[in-house]
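Chemist: Got a predicted structure here, sequence first:
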Amino acid sequence: MTDVKVECVRGNIASQPDVDAVVNAANASLLPGSGVAGAIHDAAGPGLAEECRSLAPIHPGQAVISSGHSLPNDHVIHCLGPVYGVDEPSEELLADCYRNALLLADRKGLASVAFPAISTGVFGYPIAEAARVAVRSVINVRPTLTSVRLVRFVLFSEQDLSEFRDAIEAYG
């Protein structure tokens, strides 16, 4: 189906109460960290780290799902994005994050998913390139989705939001 809405907003990934799952730009051990992982773990509470112990480690491009704990979302989907210039092929691994997260959400019957800009923080992926990879990945998997009806990109800065808007305009 192609009636899946793709949108982008500026905001906090840990404050998206109207979606079924938020995506964590996780580290391999799925433990609290900085950036997105820190914000999600802080908002979810210590139960998230406890649940994640049995799900780790994960590899670049992989997605796993947990409950949302104290978040307003039922689920957190954890993805390990590639470290830019280290994990290769970085474009394919980044695309795998978005594709695998959406396919996992769809298998679980979820209707909505919110993504951060995976790998663009401490992992160093250039935002313009990351936006193009993310949007293309979502657009490519969209026709196969049966339950997911909303994909939201939640961006931290005005520049990130602009890059994702440009990518949606180009590919969406």
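Modeler: Now that the structure is in, tell me what you want to look at.
Chemist: going forward, measure contacts between C-alpha atoms and count neighbours the same way
Modeler: Will do.
Chemist: Now do the buried residues in the longest helix along the chain.
Modeler: The single longest helix within the chain, with elements called by DSSP state H, is helix 90-107. For helix 90-107, a neighbour-count test (16 or more other CA atoms under 10 Å) marks 90-91, 93-106 as buried.
Chemist: what ranges do the strands span in this structure?
Modeler: Secondary structure of the chain, counting by DSSP state E: strands at 5-10, 21-25, 63-67, 75-79, 112-115, 150-155.
Chemist: starting at the chain centroid, how far to the third one?
Modeler: Read that as strand 63-67. Per CA atoms, centre = their mean, to the nearest Å, the displacement of strand 63-67 from the mean C-alpha position of its chain is 11 Å.
Chemist: and it, what's its mean pLDDT?
Modeler: For strand 63-67, mean pLDDT rounds to 98.
Chemist: Packing partners of that strand?
Modeler: helix 46-52, strand 75-79, helix 90-107 (3 or more CA pairs under 8 Å, 6 or more residues apart in numbering; DSSP states H and E).
Chemist: Neighbours of residue 129, how many?
Modeler: As a burial measure, residue 129 scores 14 neighbours (other CA atoms under 10 Å).
Chemist: Check it and give its pLDDT.
Modeler: pLDDT for residue 129: 98.
Chemist: please renumber so the chain begins at 46
Modeler: Sure, I'll start counting at 46 from here, so that last one is residue 174.
Chemist: State the distance from it to residue 162.
Modeler: Residue 174 is 11 Å from residue 162, where distance means CA to CA, to the nearest Å.
Chemist: Tell me which of the helices and strands packed on strand 108-112 lies nearest to residue 183.
Modeler: Judged by CA to CA, the one of the helices and strands packed on strand 108-112 that comes nearest to residue 183 is helix 135-152, at 6.6 Å.
Chemist: Please compute how far that closest one lies from its chain's middle.
Modeler: The chain centroid and the centroid of helix 135-152 are separated by 8 Å under CA atoms, centre = their mean.
Chemist: Specify the angle between that helix and strand 108-112 in degrees.
Modeler: 40 degrees (axes from the mean of the first three to the mean of the last three CA atoms, to 10 degrees).
Chemist: I'd like to know which elements helix 135-152 is packed against.
Modeler: Helices and strands touching helix 135-152, as assessed by 3+ CA pairs under 8 Å, 6+ apart, comprise strand 108-112, strand 120-124, helix 172-186.
Chemist: Of all the residues in the longest one, which ones are buried?
Modeler: Applying a neighbour-count criterion of 16+ other CA under 10 Å, one finds 172-173, 175-184, 186 buried in helix 172-186.
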